[in-house]
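[1] Any chance you could fold what I've pasted below:
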Amino acid sequence: MSPDVEPTAASRTSIRHPAFVALSIGAIGVVFGDIGTSPLYAFREALAQSSADGIDPSEILGVLSLALWTLTLIVTVKYVSFLMRADNHGEGGVLALTALARRVLGMRSRIAIVLGAAGAALFYGDAIITPALSVLSAMEGLRTIPTTAHIFDEGTIRLLTIAILVALFMIQSRGTAHVSRLFGPVCIVWFLAIGGLGLWHIADELSIMRVLSPTYGISFLATHGTVGLFVLGAVFLTVTGAEALTADMGHFGRAPIRAAWFLLVWPALVLNYLGQGAFALSQLEAAKAAGRPFKNQDWFFLMAPEGIRPALVVLAGLATVIASQAVITGAFSLTQQAVQLGLLPRLRIRQTSADFVGQMYLPAINWMLLAGVLVLVVQFKSSSAMAAAYGIAVTGTMVVTTCLGYLVARHVWNWSRPVALAAILPFLLLDLIFFGANLVRVIEGGWVPLVVASAIGLIIATWVRGRKIVGLFEQRQSIPLTDLAAALAKRPPERVDGNAVFLTGNPHAAPGALLHNLKHNKVLHARNYVLSVRTADRPVIDEEHRATVERVDDNFTIVVLKYGFMESPDIPRDLGLGGKYEKKGLDPMQTSFFIGRNTLKPDAEKGMPPWQDRIFMFLQRNASDPTDFLRIPPGKVVELGEQVTV
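    Below you'll find the predicted structure:
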């Protein structure tokens with residue numbers, strides 16, 4: 001899930017030889033925006049968890065060692081070295097892996113669907129917290145500028161954060177194609193700046209390099225008991241955004257992302273965290289020498305000299321806006337995939353660019369995210385209070401991705417069970433340790449993403465179950481299309497000129513709209529096409545494999561259109577209406593589309609519980625009109641249906 005700065009998998013096929021450097025620069029701005037802004041708050045919040053009874057040098061060293069090794073094990077070893085090998089025709093991310101696992105598991109695919117739904121639900125919790133936390137933490141840097149600290153109190157910083165976030169969500173409907181070209185260069189400047197700041201302070205305290213040994217982190221955990229768990233949960237803030245490495249593979253490719261990580265992003269992050277640790281140690285020594293108390297501070301901004309601190313705050317603001325944009329568009333992309341895979345109802349999707357399919361805008365998701373973000377900013381008030389809510393959604397998604405990675409290794413790569421378990425269990429154990437460490441922070445704010453994920457999970461479960469009930473009803477009411485064709489051949493109805501396209505889920509059964517048309521209107525068009533739209537378990541379908549045509553008899557033709565889960569359907573275009581209709585024999589002026597639209601009726605004794613019936617009916621009523629979703633001209637649509645008990 002990535003912002004619209006690069007073509008998605010659907011348009012990537014037209015770029016035969018993309019420039020490696022250009023893709024790496026794009027990846028720096030998109031893939032690493034979230035993890036790249038973690039130094040703003042990660043070390044500060046981790047150290048704060050152990051500061052209740054004061055901070056000593058061993059705690060600074062222990063926390064820093066845990067941060068660096070978390071970054072190394074989770075991102076470099078797990079994601080870059082292993083999970084980036086698991087892709088679905090170049091696409092990564094939780095739903096891409098779900099689609100891949102579902103295809104290879106066949107009838108046993110329920111576990112993959114459940115995992116994918118859980119991962120998607122947890123992502124929305126992350127998508128609400130990231131913009132609020134990152135932008136707020138950047139704006140709090142204004143309090144570290146001595147000349148303006150008296151102006152920017154907590155309330156003013158909160159209002160400024162809200163203004164930036166509202167402006168960011170407001171421009172989504174216009175697309176970000178023009179400004180997105182700056183994402184990569186801005187983030188390169190950001191990583192060079194934070195790496196340079198860290199290197200400058202490492203020189204002041206060269207002994208900080210000893211934390212590269214994991215013994216400091218292990219010793220800290222061994223001696224701090226429950227506090228160590230809280231610190232471990234906060235340390236995980238260093239790897240928020242790691243999921244983007246796999247989710248954006250389809251946009252940039254595995255090699256450019258790896259090159260950007262190893263050559264710039266990882267070194268810059270390590271240098272900055274080492275610099276923050278060295279700076280904290282030097283400040284601790286200075287406080288002891290002066291006989292004054294030592295307290296945890298905003299180490300990231302205080303590292304910078306006062307003269308350049310305003311510029312650093314501006315740069316941090318730009319970097320956090322880019323990180324927020326990545327998450328927002330990631331939510332758009334994930335929602336589109338979920339709709340295509342049948343996990344969510346149809347939503348209005350508007351393309352904001354004629355060149356790249358990945359540039360899209362979903363009004364419902366945009367405004368729901370904004371509402372959630374604003375509630376968080378107002379409710380939590382500071383980035384420190386909000387940080388406690390961050391880790392659970394991220395760790396939960398990582399657990400899901402690791403489990404899907406096992407399914408891919410076992411059933412796609414055909415590894416034996418012992419080999420697959422040996423490869424996956426260490427990563428799963430690591431994820432579960434961090435997930436458990438974040439669970440202890442539920443009361444502090446970790447409940448927020450859990451509530452969001454639970455609500456989304458309920459919607460997904462209700463929608464999937466409701467669609468299954470409706471599908472079974474339609475299946476019971478249907479008759480084979482060949483039987484209907486044979487009956488009509490013996491007793492032909494009245495015929496009218498033109499083409500009729502009947503949309504259905506099962507093209508080999510007579511669509512309900514066709515039966516209603518015959519029953520009530522008692523006519524049959526000259527040419528009738530039974531059309532079914534399928535979503536493949538791959539991101540993109542080549543145009544030459546888009547349509548499958550099967551002639552039943554002189555009256556009926558079956559057409560199946562396949563789309564990848566990263567694509568948006570366009571029925572008129574792919575039926576050849578407009579420009580190519582002469583070859584297809586379909587005149588757009590003489591073609592009508594018949595769609596079945598059933599009326600839902602709750603039943604306390606059948607199907608779902610009444611409360612779930614109401615949720616499903618609400619989702620059905622508020623789903624995007626199928627004509628809009630399938631891009632069918634509204635004036636060419638006839639809707640017919642009946643009452644269905646759910």
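[2] Can you report how many residues neighbour residue 225?
    Per other CB atoms under 10 Å, the neighbour tally for residue 225 reads 9. All C-beta atoms are positioned from the backbone trio N, CA, C, and that covers glycine.
[3] and it, that's in a helix?
    Yes: using DSSP: H, G, I helix; E, B strand; the rest coil, the secondary structure at residue 225 is a helix.
[4] Check it and give its pLDDT.
    Each residue has a pLDDT score; the one for residue 225 is 86.
[5] helix or strand right after the helix or strand in which residue 501 is found?
    Assigned by DSSP states H and E, residue 501 belongs to strand 494-503. Heading C-terminal from strand 494-503, the first helix or strand you meet, by DSSP H and E, is helix 512-516.
[6] coming back round to it: for the strand holding residue 501, which positions count as buried?
    499-503 (16 or more other CB atoms under 10 Å).
[7] can you tell me how far residue 590 sits from residue 503?
    Applying CB to CB, to the nearest Å, the value for residue 590 to residue 503 is 18 Å.
[8] How far away from the center of its chain is the helix or strand harbouring residue 197?
    Assessed by DSSP H and E, residue 197 sits inside helix 183-202. Relative to its chain's centre, helix 183-202 lies at 26 Å (CA atoms, centre = their mean, to the nearest Å).
[9] mind showing which ranges of the stretch 151-300 of the chain have poor pLDDT?
    176-179 (pLDDT under 70).
[10] what are the ranges of the helices in it?
    Here the stretch 151-300 of the chain has its helices, by DSSP state H, counting those that start in this stretch, at 154-170, 183-202, 215-235, 244-247, 249-252, 254-260, 266-290, 299-302.
[11] Residue 146: which of those is closest?
    Closest approach to residue 146 among those (CB to CB): helix 299-302, 11.0 Å.
[12] longest strand anywhere in the chain?
    Longest strand of the chain, by residue count under DSSP state E: strand 523-535.
[13] quick one: that strand to chain centroid distance?
    35 Å.
[14] Stretch 421-440 too?
    The answer for stretch 421-440 is 21 Å, by CA atoms, centre = their mean.
[15] So what touches it?
    With contact meaning CB atoms under 8 Å, 6 or more residues apart in numbering, stretch 421-440 is reached by 70, 73-74, 78, 82, 226, 229-230, 232-233, 236, 391-392, 395-396, 398-399, 402-403, 405-406, 409, 415, 446.
[16] Which among the residues you listed count as buried?
    Buried by 16+ other CB under 10 Å: 70, 73-74, 78, 82, 229-230, 232-233, 236, 391-392, 395-396, 398-399, 402-403, 405-406, 409, 415, 446, out of those.
[17] rewinding a little: what angle sits between the longest strand of the chain and strand 494-503?
    Per axes from the mean of the first three to the mean of the last three CA atoms, to 10 degrees, the angle that strand 523-535 makes with strand 494-503 is 10 degrees.
[18] tell me the contacts of residue 301?
    Contacts of residue 301 (CB under 8 Å, 6+ apart): 141, 144, 309, 312-313, 316.
[19] Can you go through these and name the buried ones?
    Listed as buried from the contacts of residue 301 are 141, 144, 309, 312-313, 316; burial here means 16+ other CB under 10 Å.
[20] Can you pick out the ones from those that are in helices?
    Judged by DSSP state H, helices contain the following of the buried ones among the contacts of residue 301: 309, 312-313, 316.
[21] Make JSON lines out of the residues you listed and add distance to residue 120 and pLDDT.
    Below are these laid out as JSON lines (distance: CB to CB, whole Å; pLDDT from 0 to 100):
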{"residue": "309", "distance to residue 120": "40", "pLDDT": "93"}
{"residue": "312", "distance to residue 120": "36", "pLDDT": "95"}
{"residue": "313", "distance to residue 120": "35", "pLDDT": "95"}
{"residue": "316", "distance to residue 120": "30", "pLDDT": "95"}
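[22] Dump the residues you listed to TSV, plus distance to residue 450.
    Shown next, in TSV, are these (distance: CB to CB, whole Å):
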residue	distance to residue 450
309	37
312	34
313	32
316	29
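[23] What number of residues are in the vicinity of residue 103?
    16.
[24] Need the three-state assignment for it.
    Three-state assignment for residue 103 (three-state DSSP): helix.
[25] Quick check: chain neighbours aside, which residue is closest to it?
    residue 537 (3.8 Å; CB to CB, 6 or more residues apart in numbering).
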